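Engineer: predicted structure and sequence below. I'll ask about it afterward.
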Amino acid sequence: MLEPDRRHIRPSLLDPAACGEDLARMASRMSELAPALCEGCAAYHLRFVLTRCATADKSIAVDRPLLVSHVQRILGGRLSRSSDPLDVVIAGAADTGILATCAHAAAAMNAEILSRCRFTILDRCASPLTLCQEFASRHALAARTVQVDLAAIDQDFDAGVIMVHSLLRFLSRQQQLALLRKFDTWLKPGGRVILSQSIRPGNSAHREKEAVRWRSLIEMASAAVADGEIRIADTALPLLDNMRDADARYEEQPGEIASLDALRQLVAEAGLQVEAVDVISKEVPVTATQTFARSRVIAILKSSREN
């Protein structure tokens, strides 16, 4: 069977904006998967994909160009000097955004690099893993999914790149440390962890603005569904109601990172080394007339075994 020509799959994996994702299609598919596969997280997963679809500058869109650059630098560095597979491990996936970003980065380098990439996607929920497997099949990627709780993982994976995006905030301090220490043991020589995390100061003023922003995103997503821009399965309609009501509250998570210094301290305690840090700051709309400053840190970490 001939391998599909990726240039003829729409959206193309080579498109730097879409990275092969059709967000409306993905949101519709999640509305089918979440009620059937999620265990207590269906409203969260539906909300995540709907708000991402309805808001162009949300989630992975904030740092995608920078992440692509980092993935390409790592894949093209020491890892590329051998003929071994290029193992990319994605730790936590709410949808296909991180997989698409990593796959686009490799595809944009050249076909040979992409053909050497093996993607492993880890998450505790089957819904995003199913989306990722379908995305991989659509774009002829070598990928596997592993359903596992990253808060208590005891498995080992070879990794040239470990991508962890917005995951740490859902873990306690001890779980964060345990996972980062695991990452250290997974890294191949020359491998790197790419860690992207929002900075949330935790003061009352910031929480209040986050809450208003939260409600605004849900309103936009609900309007897109009502207008027919996003079509969801009938089985997901109760989740949509839940998303608007009880699940619409903004809540801080146990592992919020309050500052760049706090992140550096966490990484140091875990025994990894910070190779580089980028900080993205932007004004995020709260209402039609109000914004607030939000920062995201992208840290490149290397193993404690490297000099």
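Structural biologist: That came through, no problem.
Engineer: let's verify the closest residue to His165 other than its chain neighbours: helix, strand, or coil?
Structural biologist: Of all residues not flanking His165 in the chain, Ser196 sits nearest, at 4.6 Å (Cβ to Cβ, 6 or more residues apart in numbering). In this view, the C-beta of every residue, glycine as well, is placed from N, C-alpha and C. Three-state secondary structure (criterion: DSSP: H, G, I helix; E, B strand; the rest coil) places Ser196 in strand.
Engineer: can you get me a residue count around Ser196?
Structural biologist: Residue crowding around Ser196 was assessed by other Cβ atoms under 10 Å; the count is 24.
Engineer: who's it bridged to?
Structural biologist: Residues in a beta bridge with Ser196, per DSSP bridges, are His165, Ile298.
Engineer: thinking it is in contact with His70, fair?
Structural biologist: No. With contact defined as Cβ atoms under 8 Å, Ser196 and His70 do not form a contacting pair (9.4 Å).
Engineer: contacting residues for Ala276?
Structural biologist: Ala299, Ile300 (Cβ atoms under 8 Å, 6 or more residues apart in numbering).
Engineer: phi first, then psi, for it.
Structural biologist: Its backbone dihedrals place Ala276 at phi -160, psi 150, with angles given as degrees, to the nearest 10.
Engineer: could I get the pLDDT score of it?
Structural biologist: The score at Ala276 is 96. That number is its pLDDT.
Engineer: buried set for stretch 210-228?
Structural biologist: When neighbours are counted by 16 or more other Cβ atoms under 10 Å, the buried residues of stretch 210-228 are found to be Glu210, Val212, Arg213, Trp214, Arg215, Ser216, Leu217, Ile218, Ala221, Ser222, Ala224, Val225.
Engineer: what about the second one, which SS state?
Structural biologist: For Val212, the secondary-structure state derived from three-state DSSP is helix.
Engineer: distance of it from Ser115?
Structural biologist: Taking Cβ to Cβ, to the nearest Å as the measure, Val212 falls 47 Å from Ser115.
Engineer: one step back: quick one: pLDDT of the residue nearest to His165?
Structural biologist: 96.
Engineer: how about low-confidence regions in the stretch 101-250 of the chain?
Structural biologist: Counting by pLDDT under 70, the low-confidence segments of the stretch 101-250 of the chain come to 202-206, 243-250.
Engineer: what ranges does it have for its helices?
Structural biologist: Remark: helices of the stretch 101-250 of the chain, listed N- to C-terminal, are 111-116, 126-138, 173-186, 204-226, 237-244; assignment by DSSP state H, counting those that start in this stretch.
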